Each structure stands twice: as structure tokens, then as C-alpha cells.
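Visitor: No letters, just coordinates:
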């Protein structure tokens, strides 16, 4: 039988973490943040999303119905022309996707979208 | 576990000073989520790109932390401000400790 190696990523790799770690338990408000995602995704393995929150220091994305909800954390540097980014994500099942932005003043705002998934993307 | 990893980036060749340019990046990588099982029922260990950064002339544009929920062949599109001519540096960090980099220069007139 093959023995799987114990990998070092757990302590080395940066983590997106939980929503409560990001906001310190604060409930995000509403504001100038937009999460763009399809209403229906035929293939949960690759769902295009875009987040945008003008002036945000950081935006995190959570897939609330995935085995691990954290998806990505975007931090914008001095040469970011917009606080916006697009990527492709995996969704295990029909669920709500949440984008939370941390603003320069330390407050949090959020936007959410329900995505219907026809074929799940987290394999089992 | 990191065979065939190939970064690709799309950056305009020229821009005017202070202009916002759109950058597209993609790296071929299986992004093994750590959630799947093989045919014997053993969990296939996680092996992903866990971080991506883009800098221009040493100043940061964007820094992304990736979780296993980012799709195979991670793709990012974002906008950068180019104050002068110079070079974009793109770096991807693999769970196995490898890093992959690509650079693209842009002429500012």
C-alpha cells in the first residue's frame, strides 16, 4: 500500500480563513461592493466571478456551501488601478457566494449571490 | 506534483503614463483540492497554488491568497496603473514550495 507523505503546507501556506477571523465577528454592512456571478452554473468546477469594491484594502470571497468556505483573499497594492478582480472558482453545490470588503477605515461591507449549480465542483 | 506548470500572462506592450491597463494571468496547475478520493478511497492530498502576486517596478499591484476552491489552471484578471516604463513581475507560490515567475515589460510614452 502506498503511504501518503505528510505535507508541510498547513503551517507554511497562507490561508483565506473564516469570515469571523476577517471581520472580527462584526456583521458586514452594505455599501459600494459588487459580486458578479452567474445565476446558473452548469459546471461547478469553473464558475467565473468578479469582485469590485472601490477603495477597499482587501476583498475576500467565501463559498458558503463548500466543504471549506474560504475561496480567495485579494489585497490591493499602491499600483492597483481598481479594487477589482476576476477569477474562476469551484462550487460544490447550489449555494450562496459572499464577497466581503475591508475598507480603509476598517469597516466591512458585503455582497452576496445565489448560484445554482448543475454539476458539483468539489468531487468526492 | 508540479509537472507541466506553465504561467501565461497578457499585458499590453505600451501605455501612456498613469494609464490603467488590464492584465490577464493564467497558470496551468491541477489545483488538487484535498477533498477528492482515489479509486481505493484514500484522500488525494492537497496540492495547490496558494498565493499569487503581481508587482510593477518593485511596487505591489495585487496579492492574492488562493484556497482549494480556486479552479484548475488559476486565472486572474485585474487592472494596474503604470506610472512609467518598466517590468511587471508575476509570482505564483505552490504548496510544494516551488515558485513560478514570469515578467513582462511595458513601454510608457
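Guide: In hand now; what should we look at? Remember, it's a predicted structure, so these values are computed and weren't measured experimentally.
Visitor: switch to C-alpha atoms for all contacts and neighbour counts from now on
Guide: OK.
Visitor: show me the contacts for residue B:15.
Guide: The contact partners of residue B:15, by C-alpha atoms under 8 Å, 6 or more residues apart in numbering or on different chains, come to B:21, B:82, B:106-109.
Visitor: Quick one: mean pLDDT for the top strand by length along chain A?
Guide: Of all segments of type strand in chain A, defined using DSSP state E, the longest is strand A:108-119. Here strand A:108-119 scores 95 as its mean pLDDT.
Visitor: and it, what does it pack onto?
Guide: With contacts defined as 3 or more C-alpha pairs under 8 Å, 6 or more residues apart in numbering or on different chains; DSSP states H and E, strand A:108-119 has these neighbours: strand A:34-36, strand A:40-43, strand A:95-102.
Visitor: any idea how far residue A:88 is from residue B:20?
Guide: In this structure, residue A:88 and residue B:20 are 23 Å apart, going by C-alpha to C-alpha, to the nearest Å.
Visitor: er, residue A:60 actually
Guide: Remark: distance between residue A:60 and residue B:20 (C-alpha to C-alpha) = 23 Å.
Visitor: same thing with residue B:34?
Guide: 37 Å.
Visitor: Could you check which of those two is surrounded by more residues?
Guide: A direct count of neighbours by other C-alpha atoms under 10 Å in any protein chain shown for residue B:34 and residue B:20 places residue B:20 higher, at 18 against 15.
Visitor: Run through the residues that contact that one.
Guide: Counting by C-alpha under 8 Å, 6+ apart, residue B:20 touches A:81, B:79-82.
Visitor: If we use 10 Å, what do you get?
Guide: Neighbouring residues of residue B:20 by C-alpha atoms under 10 Å, 6 or more residues apart in numbering or on different chains: A:79-82, B:78-83.
Visitor: So what does it have for phi and psi?
Guide: Main-chain torsions, residue B:20, degrees, to the nearest 10: phi -90, psi 130.
Visitor: Leaving out chain neighbours, which residue sits closest to it?
Guide: In space, residue B:20 comes closest to residue B:81 once its chain neighbours are excluded; the distance is 4.5 Å by C-alpha to C-alpha, 6 or more residues apart in numbering or on different chains.
Visitor: For chain B, give me the ranges with low pLDDT.
Guide: In the prediction, chain B carries residues with pLDDT under 70 at positions B:1-2.
Visitor: Residue 60 pairs with what?
Guide: In the absence of a named chain, chain A is used. residue A:73, residue A:100 (DSSP bridges).
Visitor: that's the other chain; I wanted chain B
Guide: residue B:55.
Visitor: Help me confirm that it comes into contact with residue B:54.
Guide: Yes. At 6.2 Å, residue B:60 and residue B:54 qualify as touching, with contact defined as C-alpha atoms under 10 Å.
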